[in-house]
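Novice: I need the structure of the sequence given here:
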Amino acid sequence: MAGPAVVDYDPTWPAVFEHLRRPIASAVGDLALTVEHVGSTSVPGLAAKPIIDMDVVAREPADVPELIARLAPLGYRHTGDQGIPGREAFQEPAGPPPHHLYVVVAGNAPHNDHVLFRDYLRRHPHAVAGYTARKRELADLLAVDRAAYVDAKADVVTDILRRARAEHRPDLTSRPMSDDEIRAFARRHLDTYVAERVDSGETPEQARAHADGEWERYFPGGTPAAGHRLFRLLAGDVPAGVLWLGPSPDGRAGLDWIYYVEIDEDLRGRGYGRAALGIAERDAGTRGAERLGLNVFGGNAVARRLYESAGYQPAAINMVKRLGH
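Specialist: Take a look at the predicted model:
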C-alpha cells in the first residue's frame, strides 16, 4: 500500500507541530510532563514523509489510562501498542495535517529511543545526510510497499540508535533495596531459579526442593541472611536491574559472591551488564574481599561470554546428562 512520499525537509514542520501540540497539551494538562516533537520531521535538514510524530510523555505508567481518556474527546482513537510495548498509539482525527500520536512513559524504552534518535541526528549532520541518502534510494519502494521500505532502512536506523545510546548512556548506579523490594525480588528469583534448574536437567520436584532450601538459607524469616546485600540498579533515575551480593556459599575467607545479577530486558545490550559487575567488584573490595565469584548455568552462553570477557575464569565444572527411560 502506497503512502506519502519522502520530501525535502520543510522548515514549516515545527510550526505544524506547535499547531497540533496546543490542543493536546490543553487536554492532558499537568498529567503529562510534556508533548514532544519526535521522528524525522523533528530533525532540521532530514528528508521525511510529511507526517508529524508526537509523544505525550506520562510521568508514570499508572497515568496512561487517564491520558488515553483525555485524548478521546479530541478524536484520538486508541489503537494499542501495535507490537511495541510501552508505546500507546492512536488513530488521529480526520483531516489535515497528517500526524502520528503516541503516549509513552518518561524514561521507558520507546521514549528514550525517540529522544536519543532525534537528538543524535540534530547533533550530527553527517548522519542526517546518510539517512537522507538511504531514504532517497528507497523512494520507489515506499511508493509500492511501506512495510518493505521500513525493513530496508532498518539497518541505518539501528546503527543511529546504537551510536546514540553509546554517546548518551546514563551511568549505572545502585542503591539498597527496600524491604518490600527485597520480598518481591525473593519471590520472583525463586521462580526463576526453579526454571533454570529444570532447564539444566532436574525434575520440577527436585528444582522446587532446592529452591525451598535456598529460601531458608538465604532469606530466613523473609529477610536477607547476614552479609547479604541486595541492590536496585539505576540508569540515571530509571530502574535498570538488580544485584545480589554476599559471602561465598561455602564460607571461604576472602571470597565474596555474586548470587544474582540481572539487567532489565529493554536496557540490555548497552553495556550495563559489565557496569553491574564493576559495581559488584567495588562493593566486594570495600568489604575486604580478595576475590569475587559467581555461578552460571552452562546453557547461558551470553552470560558466560560476558563473565569471561570481564576476567572471570571457571573454577569448577559440573556436567549433567539427561537419561531417557
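Novice: isn't Ala72 right next to His78, touching?
Specialist: Yes. When contacts are counted by C-beta atoms under 8 Å, Ala72 is listed as touching His78 (7.5 Å). (Glycine included, C-beta is placed from N, CA and C.)
Novice: more neighbours, those two?
Specialist: His78 (18 against 12; other C-beta atoms under 10 Å).
Novice: just to be sure, that one is in a strand?
Specialist: Yes. Applying DSSP: H, G, I helix; E, B strand; the rest coil, one finds His78 inside a strand.
Novice: for the stretch 101-250 of the chain, which segments count as strands?
Specialist: Assignment of strands within the stretch 101-250 of the chain using DSSP state E, counting those that start in this stretch yields the ranges 172-176, 229-235, 238-247.
Novice: to Ala48, which of those lies closest?
Specialist: strand 238-247 (28.8 Å; C-beta to C-beta).
Novice: how about low-confidence regions in the stretch 151-300 of the chain?
Specialist: 266 (pLDDT under 70).
Novice: now with 80, please.
Specialist: Along the stretch 151-300 of the chain, segments meeting pLDDT under 80 span 165-170, 189, 236-238, 265-270, 297-300.
Novice: repeat for the stretch 1-150 of the chain
Specialist: In the stretch 1-150 of the chain the weaker segments, taking pLDDT under 80 as the threshold, are 1-4, 142-143.
Novice: again, only using 50
Specialist: 1-2 (pLDDT under 50).
Novice: wait, Leu204 sits on Val198?
Specialist: Actually, residue 204 is Pro rather than Leu. Yes. Counting by C-beta under 8 Å, Pro204 touches Val198, with 5.7 Å between them.
Novice: which one of the two is surrounded by more residues?
Specialist: When Pro204 and Val198 are compared for neighbours, Val198 comes out ahead with 15 against 11, by other C-beta under 10 Å.
Novice: nearest to Arg270, out of the strands of the stretch 101-250 of the chain?
Specialist: strand 229-235 (8.0 Å).
Novice: for Asn49, give me phi and psi.
Specialist: I think there's a mix-up here, since residue 49 is Lys and not Asn. Reported as degrees, to the nearest 10, the phi and psi values for Lys49 are phi -70, psi 140.
Novice: and it, what does it touch?
Specialist: Gly3, Pro4, Ala5, Val6, Val7, Ser40, Leu142 (C-beta atoms under 8 Å, 6 or more residues apart in numbering).
Novice: how near is it to Asp81?
Specialist: 22 Å (C-beta to C-beta, to the nearest Å).
Novice: how about Leu101?
Specialist: From Leu101 across to Asp81, the span is 13 Å (C-beta to C-beta).
Novice: follow-up on the earlier one: quick one: buried ones out of the contacts of Lys49?
Specialist: Val6, Ser40, Leu142 (16 or more other C-beta atoms under 10 Å).
Novice: verify the contact between the first one and Leu46 for me.
Specialist: No. Contact between Val6 and Leu46 fails when scored by C-beta under 8 Å: they sit 9.9 Å apart.
Novice: which residues pair with Asp53 across the strands?
Specialist: Beta-bridge pairing for Asp53 (DSSP bridges): Val38, His100.
Novice: thought it was touching Thr41?
Specialist: Yes. Counting by C-beta under 8 Å, Thr41 is a contact partner of Asp53 at 6.7 Å.
Novice: so the two - more neighbours on which side?
Specialist: More neighbours surround Thr41 than the other of Asp53 and Thr41, with 24 against 20 (other C-beta under 10 Å).
Novice: contacting residues around the closest residue in space to that one that isn't next to it in sequence?
Specialist: Distances taken as C-beta to C-beta, 6 or more residues apart in numbering place Trp13 nearest to Thr41, at 4.4 Å, with adjacent residues excluded. For Trp13, the contacting residues are Thr41, Ser42, Pro50, Ile52, by C-beta under 8 Å, 6+ apart.
Novice: before we move on, back to that, pick out whichever of Leu101 and Asp81 has more residues nearby.
Specialist: Leu101 (22 against 14).
Novice: still on that earlier bit, most surrounded residue in the contacts of Trp13?
Specialist: Top of those by neighbour count (other C-beta under 10 Å): Ile52, with 26 neighbours.
Novice: ok, residues contacting stretch 103-118?
Specialist: By C-beta under 8 Å, 6+ apart, the surrounding residues in contact with stretch 103-118 are 33, 36-39, 42-43, 53, 55-61, 63-64, 67-68, 71, 84-88, 90, 102, 157, 160-161, 164-165, 168, 236-238, 266-267.
Novice: helices of the stretch 151-300 of the chain, residue ranges please.
Specialist: 154-167, 179-199, 204-218, 272-286 (DSSP state H, counting those that start in this stretch).
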